[in-house]
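Visitor: Quick one: sequence and predicted model below, then my questions.
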Amino acid sequence: MIKDRRTFYDNIWLILKGLAMGAANKVPGVSGGVVAFVGGFYEEFIYSLQKINAKAFVLLYKRGFKRFYQYINGKFLGRLILGMVISYFSVSKILDYLIEHFELYVWSAFFGMIIGSIYYLAKDFGAWKKKYIAYLLCGIIAGLSISFLEPAKENDHLIFVFFCGIIGVSGMTLPGLSGSFILILLGNYVLLLVDSVNALFDTLAEMVQGDFSFLQNTLRVRLLKVLAVFSLGSLVGLVSLSHVLGYLLKHFKNITYAVIIGFIIGSLGVVWPWKSKQYDLDASGNIKFDANGREIISYYERFFPTEFSYETIWAILFTIVGILIVLSLDWYKKD
């Protein structure tokens, strides 16, 4: 009985970890890989993905799905991925609402969480030799360089969308590199993580009601194709990147960790709470809108708060809360 209860709670906890990873990976500047790192299951996640290889499919063919499932650590991966999928239709929508209405406080909380993550990762690193500091600096420079790039324009060509899937999933496997922010730089964040996901949600809701009129909706069908190709690219990227990272963790663990910590430090520039949106303007100086009627953001202009207002105080408090959330996970693990 106790064993069954423990298994039940373990399964729920895994799904919640997947929820956190999926939600974090959808927020520009935040990496799902950081959640995996702080949650203490990053290496298991990478090595489990690494098991999805030729040998796994030989087992599937010769010895059936059960042996294949055991070999790839399917219980762990399945529940984690289930949590990620659920997050795109639940937690992610809540985050979309919060970012729209309480943007400063959301960014402040994530800023604090990343600061807490840096401490969490660095405290058990060991001796910081000169070569590790050099790799740390390389990670910081790379993270900052990515942070200040300007975004491209939206492109729904399916080959490019497949490439976006491979790159966009990087945040799941490489802590500090935000897949969502990369998609913003590629110009396809709204298309792939908002419009296409909402199109799937609406389609499923209509199908449950027996309504298949979406088949006549050219835009809806196009968005569903885009989402399918993006998902395929994400799957390919998830497996292929895990093999590379698995090799690096096995043979160059401290160097890999140093670069990852540097990436995370560099990503602080992306989630800096105080920033203003600078919109893309036409020749007459009017704000441009995309095909869905949304204002096109050209870049974010970061600044320091000049007055100590209630809004600033609340932002600082949310930053502290973010730090405490990450540190509380460490305290919980120790208990």
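Guide: Received the coordinates, thanks. Numbers count the residues shown, from 1 in each chain.
Visitor: now the strands for this protein?
Guide: Ranges of strands within the chain are 275-279, 297-302, based on DSSP state E.
Visitor: which residues does Gly83 contact?
Guide: 14-22 (CB atoms under 8 Å, 6 or more residues apart in numbering). Bear in mind the C-beta positions are built from the backbone N, C-alpha and C, glycine included.
Visitor: now do 7 Å
Guide: By CB atoms under 7 Å, 6 or more residues apart in numbering, Gly83 lies in contact with 14-19, 22.
Visitor: chain center to stretch 38-50, what's the gap?
Guide: The chain centroid and the centroid of stretch 38-50 are separated by 15 Å, computed with CA atoms, centre = their mean, to the nearest Å.
Visitor: Quick check: the residue nearest to Ala36 when sequence neighbours are not counted vs Thr312, distance?
Guide: Once flanking residues are discounted, Ala36 sits nearest to Tyr42: 4.1 Å by CB to CB, 6 or more residues apart in numbering. Distance, Tyr42 to Thr312, by CB to CB, to the nearest Å: 34 Å.
Visitor: More neighbours: the two, which one.
Guide: More neighbours surround Tyr42 than the other of Tyr42 and Thr312, with 20 against 16 (other CB atoms under 10 Å).
Visitor: Quick check: pLDDT value at the more buried one.
Guide: If you check Tyr42, the pLDDT there is 79.
Visitor: And Leu232, by the same measure?
Guide: What the model reports as pLDDT for Leu232 is 91.
Visitor: Tell me who's in contact with it.
Guide: So Leu232 contacts 162, 165 (CB under 7 Å, 6+ apart).
Visitor: All further residue positions should be reported with the first residue as 47.
Guide: With the count now opening at 47, the last piece we talked about shows up as Leu278.
Visitor: Distance of it relative to Leu287?
Guide: Taking CB to CB, one finds Leu278 at 15 Å from Leu287.
Visitor: again with Leu105
Guide: 23 Å.
Visitor: How about Ile145?
Guide: Going from Ile145 to Leu287 by CB to CB gives 27 Å.
Visitor: can you count the residues close to the nearest residue in space to Gly315 that is not next to it in sequence?
Guide: Spatial nearest neighbour of Gly315, excluding adjacent residues (CB to CB, 6+ apart): Ser193 at 3.7 Å. Counted with other CB under 10 Å, the neighbours of Ser193 add up to 20.
Visitor: again, but for Phe206
Guide: Phe206 has 15 nearby residues by other CB under 10 Å.
Visitor: Equivalent analysis for Thr302, please.
Guide: 18.
Visitor: was I right about it contacting Leu295?
Guide: Yes: taking CB atoms under 7 Å as the definition, Thr302 is a contact partner of Leu295 at 5.6 Å.
Visitor: Which residue, other than its chain neighbours, is closest to Gly64?
Guide: Gly129 (2.1 Å).
Visitor: swap that for Ile301, please
Guide: Tyr181 (5.3 Å).
Visitor: How about the backbone phi and psi for Asn119?
Guide: When read as degrees, to the nearest 10, the backbone of Asn119 gives phi 60, psi 50.
Visitor: before we move on, the earlier item: might you report the residue contacts of the residue nearest to Gly315?
Guide: By CB under 7 Å, 6+ apart, the neighbours of Ser193 are 312-313, 315-316.
Visitor: Can I get those in JSON lines including neighbour count?
Guide: Shown next, in JSON lines, are those (neighbours: other CB atoms under 10 Å):
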{"residue": "Gly312", "neighbour count": "22"}
{"residue": "Ser313", "neighbour count": "31"}
{"residue": "Gly315", "neighbour count": "18"}
{"residue": "Val316", "neighbour count": "28"}
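Visitor: Can you flag which of these belong to helices?
Guide: Taking DSSP state H as the definition of helices, the contacts of Ser193 contribute Gly312.
Visitor: can you tell me which of the contacts of Ser193 lies nearest to Gly162?
Guide: Of all the contacts of Ser193, Gly162 sits closest to Ser313, with 13.4 Å by CB to CB.
Visitor: from what I can see that closest one touches Ile160, true?
Guide: Yes: look at Ser313 against Ile160 with CB under 7 Å: they come within range, at 6.5 Å.
Visitor: anything in contact with each of these two?
Guide: Contacts common to Ser313 and Ile160, judged by CB under 7 Å, 6+ apart, are absent.
Visitor: What is the neighbour count of the nearest residue to Ser288 once chain neighbours are set aside?
Guide: Spatially, and ignoring its direct neighbours in sequence, Ser288 is nearest to Leu95 (3.4 Å; CB to CB, 6+ apart). Look at Leu95: counted by other CB under 10 Å, it has 22 neighbours.
Visitor: what's the least confident stretch among the strands of the chain?
Guide: Lowest mean pLDDT of those: strand 343-348, a mean of 67.
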